[in-house]
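Asker: fold the following.
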Amino acid sequence: SDVLTGPYSSFLGVPLTLFAVIAYGAIALSAFYPIAPFSPVTAVNQNFENKSRFVILTVGTMMATFSAYLMLILVFKIGSFCPYCLFSAFLSFGIFAVALATKAVPNKTKAFVATLASFLIAVFASFGVFIITEASNYNEVGTNGTEFYQAPSIQTTSTDQSNKLALELKSLGAKMYGAYWCSHCHNQKEQFGIEAYRNIKYVECSPKGWENDAGFCRERGVPGYPTWEIDGELYPGEKTLGELE
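Answerer: The predicted model follows:
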């Protein structure tokens, strides 16, 4: 679930799921309105159906292309499993395949131009989203030619409560499991503040994260990020300081 709330899940503060809802809505309206019982069979309606076919092909092409980009991000950047993402990608590719197979736009030339233009728009949009997201979320470091990523720096100042709690957790041998791209993990760190968090044992679980121990995270069966391990028990989810006391 943290994949859906990480840095790649939004663009300039707008969740990508919102764009997905709009796209699926456009597809649904275009597909079902012309055949709805209340939809009159008129020349105007026929014209709407022709436009609907065009929308299904172009939007379907862009959805499939952007889904391919998200799958690459999921595999090569995040390194995590996301069933919702896979299901959405399956639907997007399915819509695109059906649009092609049923010749949503009968004219071959128009269909080719529409598909190519939609594909290129989606490619450039994906590239832009990737560049902006990379530049704004975390630092990149390298070692032996390999790229790794660090989470954003903690900006808050610790309080007496957070300092005391961090020392108590340290005495218990507690660990916090997380990933560099996880926004909930960053929020958890911000709750402690810079000084207090230095006493927290943090385990980076993403294979692309700096100084990661992804294998250990798998062995421990970490269910999501962040997850706290206290006295051998795993407690998934972002916690308030009061919940951790």
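Asker: where in this protein is pLDDT low?
Answerer: 1-7, 34-46, 79-80, 136-146 (pLDDT under 70).
Asker: can you do 50?
Answerer: For the chain, the stretches with pLDDT under 50 are 43, 145.
Asker: hey, where'd the helices end up in the chain?
Answerer: With DSSP state H, the ranges of helices along the chain come out as 16-32, 43-73, 83-101, 108-137, 160-171, 183-192, 194-197, 214-220, 241-244.
Asker: can I have the third one written out in PDB, keeping just the CAs?
Answerer: Translated: helix 83-101. Taking C-alpha atoms only, helix 83-101 is exported to PDB below (Å, rounded to 0.1, in the frame of the first residue of the first chain):
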ATOM      1  CA  PRO A  83      -1.300  -5.800  -6.800                       C
ATOM      2  CA  TYR A  84      -3.400  -2.700  -7.300                       C
ATOM      3  CA  CYS A  85      -0.900  -1.300  -9.700                       C
ATOM      4  CA  LEU A  86      -0.700  -4.600 -11.600                       C
ATOM      5  CA  PHE A  87      -4.500  -4.800 -11.800                       C
ATOM      6  CA  SER A  88      -4.700  -1.200 -13.200                       C
ATOM      7  CA  ALA A  89      -2.000  -2.000 -15.700                       C
ATOM      8  CA  PHE A  90      -3.900  -5.100 -16.800                       C
ATOM      9  CA  LEU A  91      -7.100  -3.100 -17.300                       C
ATOM     10  CA  SER A  92      -5.200  -0.400 -19.300                       C
ATOM     11  CA  PHE A  93      -3.600  -2.900 -21.600                       C
ATOM     12  CA  GLY A  94      -6.900  -4.700 -22.000                       C
ATOM     13  CA  ILE A  95      -8.700  -1.500 -23.000                       C
ATOM     14  CA  PHE A  96      -6.000  -0.700 -25.500                       C
ATOM     15  CA  ALA A  97      -6.100  -4.200 -26.900                       C
ATOM     16  CA  VAL A  98      -9.800  -4.300 -27.300                       C
ATOM     17  CA  ALA A  99      -9.800  -0.800 -29.000                       C
ATOM     18  CA  LEU A 100      -7.300  -2.100 -31.500                       C
ATOM     19  CA  ALA A 101      -9.000  -5.500 -32.000                       C
END
